[in-house]
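K.L.:
The following block contains a protein sequence and its predicted model.
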Amino acid sequence: MTSSTGPRGAGRSDRVGAIVLLVFALLYGFEASRIAYSFSSDPLGPRVFPMMLAGALALLSVIYLLRPGGAEPWPQGRLLAQSLAIPGLVLAAALLLEPLGFAVAVTILVTGVGRLFGASWRLAILGGLAQAALWFAVFRYLLEVYLPGGAVFGM
Amino acid sequence: MDLSYLWAGFSVALSPLNLAIGFTGCFLGTLIGALPAIGPINGIALLLPIAYTMGLPPESTMILLAGIYMGAEYGGRISSILLNVPGDAGAVMTALDGNPLARQGRAGEALMISGLASFVGGTLGVVGLTFFAPLLSTLAIGFGPAEYFVLMIFAFATLGSMVGSQPVKTLIGCVIGLMLATVGLDATSGAYRFTFNEPELGDGIEFVVLVIGLFSISEAMFMLEHQAKGGSVIKVAGRTFARWADIVRCIGPALRSSVIGFTVGVLPGTGASVASAVSYTTEKRLSDREGTFGKGDVRGLAAPEAANNATAAGAFVPMLTLGVPGSGTTAVMLGALMLYNIQPGPQLFAERPELIGGLIASLYIGNILLLILNLPLVRVFSRVLQLPNWVLVPGILVLSIVGVYSTHASVLAVVMMLGIGIVGWLLRKLGFDMAPIILGFVLGRVMEVNLRNALAISGGDLSILFQSTISIVLWIMAAAMAVLPFAIGRLARRAAAPSPQVS
Amino acid sequence: MKKILVNALVLGFAGFMAGAAVAAPEKTECLAGAKPGGGFDLTCRLAGNALLAAKLIDKPMPVTYMEGGVGAVAYNHVVGKRSSDPTLITAASSGSALLLAQGKFGQYDESAVRWIGALGADYGVIVVAADSPYKSLKDLVEAYGKAPGDFPIGGGGAVGSQDWMKGALVAKSAGQDPKKMRYVALEGGGAVLTALEGGHIKIAAGDAAEMAKHHAAGKVRILAVMAPERLPGDLKDVATAREQGLDIDWVVWRGFYTGKNITDAQYQDWVETFRKLSQTPEFAQEREARGLYPYTVLGADFERDVKKDVERFKALAAEAGL
């Protein structure tokens, strides 16, 4: 991955990242130290290996903190919102999958993401309908993978 | 050498179902390779859950995934040549001479030369694999928990070459993968670890959820930021049949590069990008007397293409004989075996000869299918380069949701995939690579369980890890591996330095 | 066993008298708390295929998979969401009773569902490598008692699993503390076999159906079957643990439960359907094809057996110090 950022901003996100990783390592290690078990047939038990990992990650994130670099710039404003809209749309589709059915959820997802990638409303909606029909046909009839029909294609 | 496993394998691979599956894999692989946005690992991640839910037997799933892997190595050249954007990592070097050729109006010839070179490299690679695969199976019985643990140490030592510019990030990725593998029921004590009383986490983080989250979701988010790049597609026009003289000139480079590619592939941890870089520089040094490399020399096109296809076959050697993945893609394939409760490792060849034989036989067949797909039908694939992202990305996301949902019938799994995807995106923005995470995850459980089992056998005595000859050899190899790839990496970097920046 | 057989006969007769009035619901569904291809799937398919072959249902019974916690997710799902659905049966095994006894199914105990019946069983076996000097379980136990540190025991499950329990029973009969057992948790029967052949473990605990073929092929030696009586087929010459003076049985039954809130009539319909099923030749064929030995316990008897199993496992776990 090539980075073409000013060293300043990138360095900061590296440092924030390293600190988050360090905190995560400590939390993970703490959680590992209180894994509940009655006894184990091996001398190490279920706690030791995770605690070793926590130590390794803590050490590595300190090294990372001291020698930052390599981060890409973060998307700003509108682009950031659009980037986060992708997982948002996937979440919406996942939640709608069972109540409304595969076809509706996919139409919404494909239309929404299509818009994010620069399609006009007309093309995005057409694309959404077409992909919903295509994938439904492929999975239901060609591959015989179960998909929820939901309220629209409920059977 | 006893090759009866291979003949048995052909009877598996030639069954109508597996032929159809192999063809599907090759076709989709070429498509995936041709698309600049997604590589073989994305393709495999998307199709694995579908194959699994369809109830395909493990050998058929492996044939499908291997077809995608090989196909992507073929297909990657198409966008390198026509678009000057490599379709996948192994095709970076292909653009150096391929794109100039295309701009001289010789796109059709370039595609044919590179297709033939791919076939030579791929086929020679599979021949090598055929002889290598049974080699270690006699040792399998000697692999107890202690030996497996040292084998895993060896596997992580090979990461040296995946390192890239920031070793610390590779190692962090690896540890994160190892940590994710500890979630769920502990195989030795029966304790639940990091499950927070959520029964769905009882069996740990599902491989499919992790792989799709890391590769599809974060990829889609990346593509949004990095879109609207890339030049225009060069139309395939004029002469499509390569000149005979050019083909003859390429024989030497293709053969040499196949050997280089296969060797690099066998070394765990080194991928197609290293192989094609090494073969390109070697060929440039050997035969570039007129200084035509980089300006549209067919030999500069044939060398990296032969090499990257041979590498793909070579990468199966450590994966099938030792259960050690050499790259992100083979790590995902190993994970696929584990989905079927098949423990990869030296015993695999003895226990499941039909699986390994079938897989290798399918690679022979696949190379022929791919040659057919990639010579006369190459225009069809060149069309997909025009597929707009507003069609492609939603399609990837739909497949992601279906893959996760259908293996679990649970919306929670989809939500988890999203969480992992967003974390993956954050890490990628920080310059982390996803492959070490997958590697750590796939090998993590094997590593911990075997360490603990070894100590259970010895009653806590650590010397069990250094007792057998196998262990000692593995320790030495691990030490060598940690150092060796740096040398190769330096060679590759020297080659890559003057090349145009293609991301 | 005898008592069970008598019970089965008596009830079978009663069922026969009850006659053709009973029927499974129109639409049926079998829930398997694991991946396709696992033990629960096998149990579901046994019932589904046999019911269809014996024409006790008209349409194939679809299998739904709900993986997680070795059946825990499925158990919680049935208790929480499907407790009054008469069309749903869920596969279970003695392993489910073991997990219930150890409180691994969450807040619910064995009385949170209704147990319909068991349709077949497998039995525990104690295995050594083909070149092992030990020819009988008695010799092995004696040697183990003298030097437990020399005998790593392998099984396909964690501490507290069925294989571990079998090993613990052996250790206990040798007068040793199960907690000090050098137990090696391996991934499934294949790994156990490889470890045994490679000499990495000296004793293995496993299931009869899986080990029988390797025993017959001469790859390993089964020293004892943990069944009340000798098993038919490949293992007919292998002495039971009881014959060798060790009272350690391990029955791995495979059966079904349904939601707590279905009506008594709906529950009885299932019991009677299975009773009729168990008497058909189609069923015997399907059961054999899946490597299961005859073992049919239905209705109230089964409810009682499951409760007894859970109690027994609780006592064993407490004794073993879990």
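P.N.:
Looks like it arrived, so ask away.
K.L.:
Pop the domain breakdown of chain A in here.
P.N.:
Domain assignment for chain A by automatic domain parsing gives A:6-66, A:77-153.
K.L.:
who wins for proximity to chain C among those?
P.N.:
Checking the domains of chain A against chain C by C-beta to the nearest C-beta gives domain A:6-66 as the closest, at 3.6 Å. Every residue, glycine included, has its C-beta placed from N, CA and C.
K.L.:
Strands of chain B, start to end?
P.N.:
B:184-185, B:192-193 (DSSP state E).
K.L.:
looking at these, which is buried most?
P.N.:
Most buried of the strands of chain B, by mean neighbour count (mean count of other C-beta atoms under 10 Å in any protein chain shown): strand B:192-193, with a mean of 22.
K.L.:
And that one, what does it pack against?
P.N.:
strand B:184-185 (3 or more C-beta pairs under 8 Å, 6 or more residues apart in numbering or on different chains; DSSP states H and E).
K.L.:
I'd like to know which elements the strand it packs on is packed against.
P.N.:
Strand B:184-185 packs on strand B:192-193, going by 3+ C-beta pairs under 8 Å, 6+ apart.
K.L.:
so what strands line up beside the strand it packs on?
P.N.:
Take DSSP bridges as the rule and strand B:192-193 pairs in its sheet with strand B:184-185 (antiparallel).
K.L.:
Which residues are in contact with the closest residue to chain A within the stretch 51-200 of chain C?
P.N.:
Per C-beta to the nearest C-beta, C:Y183 is where the stretch 51-200 of chain C lies closest to chain A, at 3.6 Å. Applying C-beta atoms under 8 Å, 6 or more residues apart in numbering or on different chains to C:Y183 gives the contacts A:41, B:456, C:152-155, C:159, C:164, C:167.
K.L.:
Now with 7 Å, please.
P.N.:
A:41, B:456, C:153, C:155, C:159, C:164, C:167 (C-beta atoms under 7 Å, 6 or more residues apart in numbering or on different chains).
K.L.:
Let me have those residues in JSON lines, extended by secondary structure.
P.N.:
Putting the contacts of C:Y183 into JSON lines (DSSP: H, G, I helix; E, B strand; the rest coil) gives the following:
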{"residue": "A:S41", "secondary structure": "coil"}
{"residue": "B:A456", "secondary structure": "helix"}
{"residue": "C:I153", "secondary structure": "strand"}
{"residue": "C:G155", "secondary structure": "strand"}
{"residue": "C:V159", "secondary structure": "coil"}
{"residue": "C:W164", "secondary structure": "helix"}
{"residue": "C:G167", "secondary structure": "helix"}
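K.L.:
what's the closest of the strands of chain B to A:G29?
P.N.:
A:G29 lies closest, by C-beta to C-beta, to one member of the strands of chain B: strand B:192-193, at 12.5 Å.
K.L.:
quick check: mean pLDDT across that closest one?
P.N.:
Strand B:192-193 comes out with an average pLDDT of 90.
K.L.:
Can you name the residues in contact with that strand?
P.N.:
Contacts of strand B:192-193 (C-beta under 7 Å, 6+ apart): A:35, A:46, A:50, B:182-186, B:202.
K.L.:
Hmm, which of those is lowest in pLDDT?
P.N.:
B:G202 (79).
K.L.:
just to revisit the earlier point, farthest pair within the contacts of strand B:192-193?
P.N.:
Maximum distance among those (C-beta to C-beta): 16.6 Å, for A:P50 and B:G202.
K.L.:
Pick out whichever of the two has more residues nearby.
P.N.:
Using other C-beta atoms under 10 Å in any protein chain shown, the more surrounded residue of A:P50 and B:G202 is A:P50, with 24 against 21.
K.L.:
Surely the more buried one is within a helix?
P.N.:
Yes. Assessed by three-state DSSP, A:P50 belongs to a helix.
K.L.:
show me the contacts for it.
P.N.:
Residues in contact with A:P50, defined by C-beta under 7 Å, 6+ apart, are A:28, A:32, B:182, B:193.
K.L.:
what does the stretch 101-250 of chain C put close to chain B?
P.N.:
The stretch 101-250 of chain C comes close to chain B at residues C:106, C:149, C:152, C:158-161, C:182-185, C:187-188, C:190-191, C:194-195, C:197-198, C:200, as judged by C-beta under 7 Å from any C-beta of the partner chain.
K.L.:
Got a ChimeraX select line for the buried ones in those?
P.N.:
Per 16 or more other C-beta atoms under 10 Å in any protein chain shown, the buried members of these correspond to this ChimeraX selection:
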select /C:106,152,158,159,160,161,182,183,184,185,187,190,191,194,195,197,198,200
